[in-house]
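1. A structural model of the following input is requested.
(one chain, ligands or ions: 4)
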Amino acid sequence: MRRTTASTCCYCGVGCGVLIEHDADTIHGVTGDPAHPANYGRLCSKGSTLHKTGDPAARALYPELRLGKGMARSRTDWDTAMQHAARVFGQTITDFGPDSVAFYISGQLLTEDYYAFNKLARAVVGTNNIDSNSRLCMSSAVVGYKQSLGADSPPCSYEDIEQSDCLLIIGSNMAYAHPVLFRRLEQAKSLDPAKRIIVVDPRRTATCELADVHLGIQPGTDVALLHGILNLLIQQDWIDETFIQTHTGGFDALQSLVGEYTPEHVAGICGIDPEALRQVAQMIGTAPSFLSLWCMGMNQSSAGSAKNSALINLHLATGKIGKPGSGPFSLTGQPNAMGGRETGSLSNLLPGHRDATNAKDRAEVADYWGIEALPDSPGLSAIELFEAVRRGKIKALWIACTNPAQSMPDQTLIREALALCPFVVVQEAFATTETCQFADLLLPASSWGEKNGTVTNSERRVSRVRSAIPAPGEARADWAIACDFAQRLEKQLKPDQPSVFGFHQPQTLFDEFRGLTAKRDLDYSGLSYQLLDALGPQQWPFLPGAERGTARLYADKLFPTIDGRARFIADTYKTVKEQQSTDYPLILNTGRLRDQWHGMSRTGTAAQLFGHVDQAQISLNPADIDRLELHDGQLVRVTSRRGKLVLPVVADEQLQAGQAYIPMHWGDRFLRGGGVNVLTQPAFDPMSGQPELKQAAIRIEPVSLPWDVFILVEGDIQARFSALRDLFEDLAYASFSLAGREEPALLIRAANEQPRNTEWLAEVDLLLGLDQVPVLAYDDPHLAVSKRIKIEGSRIRAVRLCGETKARDWLINLWRNGESTENLQRWLLAPLSAPPGATAASVEKIICNCVNVSHSRIQAAINSGMNLDSLKAELGCGTECGSCLPEIRRLLPAPNAPASTI
Ligand SMILES: Nc1nc2c(c(=O)[nH]1)N[C@H]1C(S)=C(S)[C@@H](COP(=O)(O)OP(=O)(O)OC[C@H]3O[C@@H](n4cnc5c(=O)[nH]c(N)nc54)[C@H](O)[C@@H]3O)O[C@H]1N2
Ligand SMILES: Nc1nc2c(c(=O)[nH]1)N[C@H]1C(S)=C(S)[C@@H](COP(=O)(O)OP(=O)(O)OC[C@H]3O[C@@H](n4cnc5c(=O)[nH]c(N)nc54)[C@H](O)[C@@H]3O)O[C@H]1N2
Ligand code: SF4
Ligand SMILES: [Mo]
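-> Ligands and ions are numbered 1, 2, ... in the order given. You can find the predicted model right below:
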């Protein structure tokens, strides 16, 4: 019987409500929950395809244990697995002390999971070595809020987006990364075109399509820019003297510092026009309300904390905080990065927005937990933690719900650490991730649609996550795994003491945790599952007896600091760690694609989500491509001080000269050679510990890999992917992706210096089902050219081209469009010739993924005179989730065209 269960999307920090349509064991569909205040029924391209992702063949289903390094893992039962883990951790702690073990967890865990891990590390193990992937994500914002405002509490609400007169979107590509909020902004701007929108990003992103001004600053120069704006605000008397006098401290020091940031000086540093700076300062200074939205372009920086503080300074100086439409509003990355911060899941934090370095905070938590004391030795942050693993100081590592062998910078060292670590536990929903390879113990976790608990979104709103179906195989909920392990460890380490882990359901974890928020800035001790079920999602603070949550903080202008005043922070501008040089003349930026999520363990199972971007590429400004004498699609070697990667180059007008971009998603699984993070750097902000993932110096050289390979195969995707992945392991270039929609295919594009031998080809053909006739075949051993195609009915089922792959993109289009295959044979028998009728065919880009409308169809319709409304009416594009609207706008001629880059 079909039923509907209300839950929350498991992707970004917008935290949209979803209605899951399901029966007893299968999820059939997902729609936006009209009653959820984060999205009022909207979903983006990722949320609306949730039910199409998560191929069961990719899931981790059973515990697997490796008994010695170099051996293969084999299936085991939960009791053996957990007993083994408890024994190894227990022994390590006894022999080498509690700081010889560590936990690395995730902003995608639920609050209950997070709380269980935290209590396990701090109360049972007695270590502060528990850090989260939020270190790569929000930790600079945490420092920014705490330094300037006294607590890690984003003060705003989504409705401020509608209410604001002037928005500064800085270091955020919200059109891709927070699409449902961007929809709200689009709508608000169309209702009120006078609303001013400023975008600050070195790239001209899709978010710029809504901007009145785009400041294409040089990478990492935000602090100079923000100080320059403040300097102008002061000069023009666009500041709120009364607010500064009554509610803040530290203004004088900042004022004398920013005096040095004159418009001409700043414009020089940032590579912008001083007039544009003046224009932006005027927009901010004269607007009745002012909201700033920011994300990784600010946080992922060796100056991340300084960037955050410099931005908050603007709000304090203008008094534009704690009022409708005004305030500093960080966009949270992961669905529950906020819950992680609330439960204290960074090594330096404790539950209830407390600090591990503060003795009073430690004593309060120890008291609440009924234990003697909490550990006082400092815990390690992510980068330091993996370094300690590599140096052998950490001997047992527990990783849950994150994929560090893809997402951490400087992958060579991360992989070295994981390989050297005597005992690595990986608690994962998908068995396919890069990190799973390093697991000595793999624990299958239940995932979205199967879990129960709560998450907090960017606007402090706590929502229920509800399970619709049981977990597959023997997968268990994360909180349950953590609690089971904690109880076993307690028996070993503290056999005489009563257990502090009597949790049997997520609700008991939630109820214990919320007590730790009482009388703190985030107080949600008044919330309960019953209230959330009755009232719907609520924003904290939510005090006992409250009937609804709190939409806005600091309306009373009282800040949670010792004297109730906010603080101006005066940091000087510092350049990025790696500057352009003769050896490394380009700066590599990394970030999100519209339709993929991080390491792609989930989104990478849905072929539809590859329609927008279907392979790993490095993009460069067209002038750089010309200067380097490269051409679109050519394979290049990208080298940084830490590693090398081979992939195709592509021209992209969004990038300025001297800058390059690779999406962060392509890890070692989809791109041979370790993925994008072999290039990125581990240098981090000294205050927040957040690494500079957005800027690494690189160089680009052409590579000659004359022997190329192309594979397209339908069916049995996950099994074929892993088997073929192994066969392609030592080719110089190999990129994997999916294509199609209902009947997906695996695509491989690869190349090597030397041809592989016929045995290798035979192995490949066996895996592709090309070893059995009837198969179309062409071989020219002299040229090392060999081609195989399998057609069933009139449909291509498998293709394998070696030595010459000119027809590659033509074949993909032919297959995808289900076109007639009659030309195929003629082309196949005329080797080394271009494909018929389409010499320069490239794979058609799908702009609208919901309705399946390609770039070329939209462009043709625009050329015939259609506007946005007629495109929607005629082609249907942009009428469903709307994630494609910014790109459709970009294709349209003025007056829909956006502001020019300055
Ligand atoms: N589709 C999709 N959405 C996601 C995610 C996903 O994986 N896929 N992940 C979620 C998560 S965890 C996060 S953290 C967010 C990230 O959301 P965003 O931070 O919005 O996304 P990014 O693409 O990482 O980076 C944003 C922009 O920062 C710019 N930038 C780079 N350097 C600088 C700089 O020095 N200054 C400024 N001002 N800008 C700079 C980049 O050019 C980029 O356009 O997205 C969330 N949403
Ligand atoms: N170059 C570069 N690198 C980056 C970034 C960048 O911008 N550039 N961004 C950084 C940022 S902001 C972030 S947040 C990180 C993200 O990096 P990761 O945390 O590594 O990203 P995910 O791929 O989302 O990893 C989550 C893992 O949890 C698994 N999983 C899903 N659901 C569950 C569950 O319920 N339980 C368990 N146990 N597992 C589950 C998924 O299969 C997935 O493997 O990447 C960082 N790395
Ligand atoms: S914006 Fe998209 S990815 Fe983010 S929570 Fe909403 S539906 Fe999910
Ligand atoms: Mo993130």
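2. for this protein, what lies in contact range of ligand 2?
-> Residues of the chain lying close to ligand 2 by Cβ under 6 Å from any ligand atom are 106, 108, 133, 136-137, 296, 300, 333-334, 400-403, 406-407, 427-430, 433, 445, 447, 451, 478, 590-591, 597-599, 601-602, 664, 676-677, 680, 693. Every residue, glycine included, has its C-beta placed from N, CA and C.
3. which ones, among these, also lie beside ligand 4?
-> Filtering the residues of the chain next to ligand 2 for neighbours of ligand 4 using Cβ under 5 Å from the ion leaves 137, 333.
4. PyMOL command for the buried members of the residues of the chain next to ligand 2?
-> Buried members of the residues of the chain next to ligand 2 can be picked out in PyMOL with the line below, counting by 16 or more other Cβ atoms under 10 Å:
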select buried, resi 106+108+133+136+137+296+300+333+334+400+401+402+403+406+407+427+428+429+430+433+445+447+451+478+590+591+597+598+599+601+602+664+676+677+680+693
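5. now, which of the residues of the chain next to ligand 2 lie within helices?
-> Taking DSSP state H as the definition of helices, those contribute 296, 406-407, 478.
6. ok, so of these, who is nearest residue 238?
-> residue 296 (28.9 Å; Cβ to Cβ).
7. quick check: that closest one touching residue 172?
-> Yes - between residue 296 and residue 172 there is a contact under Cβ atoms under 8 Å: 7.4 Å.
8. distance check, the closest residue to residue 804 other than its chain neighbours against residue 779.
-> In space, and not counting its chain neighbours, residue 804 is closest to residue 785: 4.9 Å by Cβ to Cβ, 6 or more residues apart in numbering. Separation of residue 785 from residue 779 (Cβ to Cβ, to the nearest Å) stands at 7 Å.
9. residue 98 too?
-> Look at residue 98 and residue 779: by Cβ to Cβ, they are 63 Å apart.
10. name the element residue 804 belongs to?
-> Applying DSSP states H and E as the criterion places residue 804 outside every helix and strand.
11. go ahead and confirm it touches residue 709.
-> No - with contact defined as Cβ under 8 Å, residue 804 does not reach residue 709; the gap is 10.0 Å.
12. neighbour count for those two, which is higher?
-> Neighbours per residue (other Cβ atoms under 10 Å) separate residue 804 from residue 709, with residue 709 holding more: 25 against 21.
13. quick check: that one touching residue 755?
-> No - using Cβ under 8 Å as the test, residue 709 is too far from residue 755 to be in contact (9.4 Å).
14. tell me, what's touching these two both at once?
-> Residues touching both residue 709 and residue 755 (Cβ atoms under 8 Å, 6 or more residues apart in numbering): residue 802.
15. next, the contact list for the closest residue to ligand 3 within the chain, please.
-> Residue of the chain nearest ligand 3, by Cβ to the nearest ligand atom: residue 47 (2.3 Å). Applying Cβ under 8 Å, 6+ apart, one finds that residue 47 lies in contact with 9, 11, 16, 18, 30, 32, 180, 881.
16. looking at the residues you listed, which is nearest ligand 1?
-> For the contacts of residue 47, the nearest to ligand 1 is residue 11 (6.4 Å; Cβ to the nearest ligand atom).
17. measure the closest residue to residue 693 other than its chain neighbours to residue 690 for me?
-> Closest residue to residue 693 apart from its sequence neighbours, by Cβ to Cβ, 6+ apart: residue 300 at 4.2 Å. Distance, residue 300 to residue 690, by Cβ to Cβ: 6 Å.
18. and for those two, which residues touch both?
-> Joint contacts of residue 300 and residue 690 (Cβ under 8 Å, 6+ apart) are 136-137, 140.
19. distance to residue 226 and pLDDT added to these, as a markdown table?
-> What follows is these, written out as a markdown table (distance: Cβ to Cβ, whole Å; pLDDT from 0 to 100):
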| residue | distance to residue 226 | pLDDT |
| --- | --- | --- |
| 136 | 23 | 98 |
| 137 | 21 | 98 |
| 140 | 14 | 98 |
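20. backbone torsions only: list them for residue 546.
-> With angles defined as degrees, to the nearest 10, residue 546 sits at phi -70, psi 150.
21. can you read off the pLDDT for the nearest residue to it once chain neighbours are set aside?
-> Among residues not flanking residue 546 along the chain, residue 526 sits closest, at 5.0 Å (Cβ to Cβ, 6+ apart). pLDDT, residue 526: 98.
22. so what's whichever residue of the stretch 601-750 of the chain sits closest to ligand 1 up against?
-> Distances between the stretch 601-750 of the chain and ligand 1 by Cβ to the nearest ligand atom are smallest at residue 694, namely 3.8 Å. Under the criterion of Cβ under 8 Å, 6+ apart, the contact list for residue 694 reads 219-220, 296-297, 300-301, 589-591.
23. show me where this protein dips below the pLDDT cut-off.
-> 829-841, 895-902 (pLDDT under 70).
24. how is it carved up into domains?
-> Here the domain assignment for the chain is 3-52, 64-137+336-539, 139-330, 586-682, 707-828, 846-901, based on automatic domain parsing.
25. so which of those gets nearest residue 567?
-> Residue 567 lies closest, by Cβ to Cβ, to one member of the domains of the chain: domain 139-330, at 5.1 Å.
26. how long is that closest one from one end to the other?
-> Its start and end residues considered, domain 139-330 measures 11 Å (Cα to Cα, to the nearest Å).
27. just stretch 811-826 next, same as before
-> Chord length of stretch 811-826, first to last residue, is 13 Å (Cα to Cα).
28. what's the answer for stretch 232-239, then?
-> Stretch 232-239 has an end-to-end distance of 10 Å (Cα to Cα).
29. what do you get for stretch 96-103?
-> Stretch 96-103 has its terminal residues 16 Å apart, counting by Cα to Cα.
30. then stretch 787-798?
-> End-to-end distance of stretch 787-798: 11 Å, with Cα to Cα as the criterion.
31. contacts for that stretch?
-> The contact list for stretch 787-798, computed with Cβ under 8 Å, 6+ apart, reads 711-715, 765, 768-770, 774-779, 799-802, 804, 811, 814-815, 818, 820-821, 824, 828, 831.
32. sheet partners, orientation included, of the helix or strand containing residue 638?
-> Assigning secondary structure by DSSP H and E places residue 638 in strand 635-640. For strand 635-640, the paired strands and their directions (DSSP bridges) read strand 644-651 (antiparallel), strand 696-702 (antiparallel).
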